[in-house]
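Undergrad: turn this into a model:
(chains A and B)
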Amino acid sequence: MKLATWNVNSLKVRLPHVLQWLAENPVDVLCLQETKLTDDKFPIAAIEMAGYQVVFSGQKTYNGVAILSKLPITDVLKNNPRFQDEQQRILSATIDGVRVVCTYVPNGQSVDSDKYHYKLGWLAALHDWLADETGTHANLAVVGDYNIAPEDRDVHDPLAWVGQVLVSDKERAALKRLTQLGLHDAFRLFEQADKSFSWWDYRQLGFQRNKGMRIDHILLSGALATRCRACVIDRAPRKWEQPSDHAPVVATIE
DNA sequence: ATGGCTCGTGTAACGAGA
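TA: Model (predicted):
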């Protein structure tokens, strides 16, 4: 199974990019974040024409997640059953024996904001729910935009970012707690180039200068990590016209 | 210099993202 995740920053704007990328990279499963579409506006027909089934959970203006799959999708669940949340940030489904959780972790805005506290509470609730899910599903993949750079090597300029949102100790500790449930960062199962990032600021030629961060992750249960043969960030669509600020991350599971 | 781009909303700036 080829499993990918991509924060598209508006599926309305990025639908052509998604279709082109799938044509060039016919992965089995693609998880999307920040669709920014209510469910009545979701482009089901265009995605089905491309050979994918799709489930989605959206809202107006913000957030929104979707799972595209070549193979049948079953047992769809919206949100974290343990966390009351108006914001549509989690969608789970079973595909080919793999439990896929597509997640868009809150950004947090800044460490002194209410949004930061919401992020930490949200992550704690995710941990508590996934503690059960890891027991229930041996083949579990929790993928998406985590809005956390796990280590300094995942940040273009760690000194400039010390203590800031996306890299703060509390956020990194929350992510580490997820990995301590037995979920492995697929990207770090393999040797990778230095300064590998999945997001680059639109401003100040961020991509051209590689001023980015690695904040989009594929976390795999032990059973899936053992079967994982590769994990790459595809920078190509970040070079296209009117790109998302994020690049897709792709894991190959035998 | 707390901006710089890009998005949705809605049709003018502004909040939010990261």
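
Undergrad: correct me if wrong: A:Leu123 contacts A:Val105.
TA: Yes. With contacts counted by CB atoms under 8 Å, A:Leu123 reaches A:Val105, the gap being 6.7 Å. To be clear about C-beta, it is placed using only N, CA and C from the backbone, and glycine gets the same treatment.

Undergrad: what does the stretch 101-250 of chain A have sitting close to DNA strand B?
TA: Counting by CB under 7 Å from any atom of the strand, the positions of the stretch 101-250 of chain A adjacent to DNA strand B are A:106-107, A:109-110, A:115, A:145, A:147, A:165-166, A:199, A:201-204, A:213, A:215, A:242, A:245-246.

Undergrad: return a ChimeraX selection command for the buried portion of those.
TA: To isolate the buried subset of these in ChimeraX, counting by 16 or more other CB atoms under 10 Å, use the following:
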select /A:106,107,145,147,165,166,199,213,215,245,246
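
Undergrad: just the ones in helices from the residues of the stretch 101-250 of chain A next to DNA strand B, please.
TA: The members of these that map onto helices under DSSP state H are A:Lys115.

Undergrad: among the residues of the stretch 101-250 of chain A next to DNA strand B, name the ones in strands.
TA: Assigned to strands by DSSP state E, the following of those qualify: A:145, A:199, A:213.

Undergrad: now render those as JSON lines, adding pLDDT.
TA: Putting those into JSON lines (pLDDT from 0 to 100) gives the following:
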{"residue": "A:Asp145", "pLDDT": "98"}
{"residue": "A:Trp199", "pLDDT": "98"}
{"residue": "A:Met213", "pLDDT": "98"}
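
Undergrad: show me which of the residues you listed is closest to DNA strand B.
TA: When those are compared for distance to DNA strand B, the smallest value, 4.3 Å, is given by A:Trp199; criterion: CB to the nearest atom of the strand.

Undergrad: and A:Val142, bridged to which residues?
TA: Taking DSSP bridges, one obtains A:Val101, A:Leu219 as the residues bridged to A:Val142.

Undergrad: from A:Ser110, how far off is it?
TA: When CB to CB, to the nearest Å is the yardstick, A:Val142 and A:Ser110 sit 26 Å from each other.

Undergrad: which residues of the stretch 1-150 of chain A fall in strands?
TA: With DSSP state E, counting those that start in this stretch applied, the stretch 1-150 of chain A shows strands at A:2-7, A:29-33, A:53-57, A:65-69, A:73-78, A:90-95, A:98-104, A:140-145, listed in chain order.

Undergrad: where does the stretch 51-200 of chain A get nearest to DNA strand B, which residue?
TA: Using CB to the nearest atom of the strand, the point where the stretch 51-200 of chain A gets nearest to DNA strand B is A:Asn107, with a distance of 3.2 Å.
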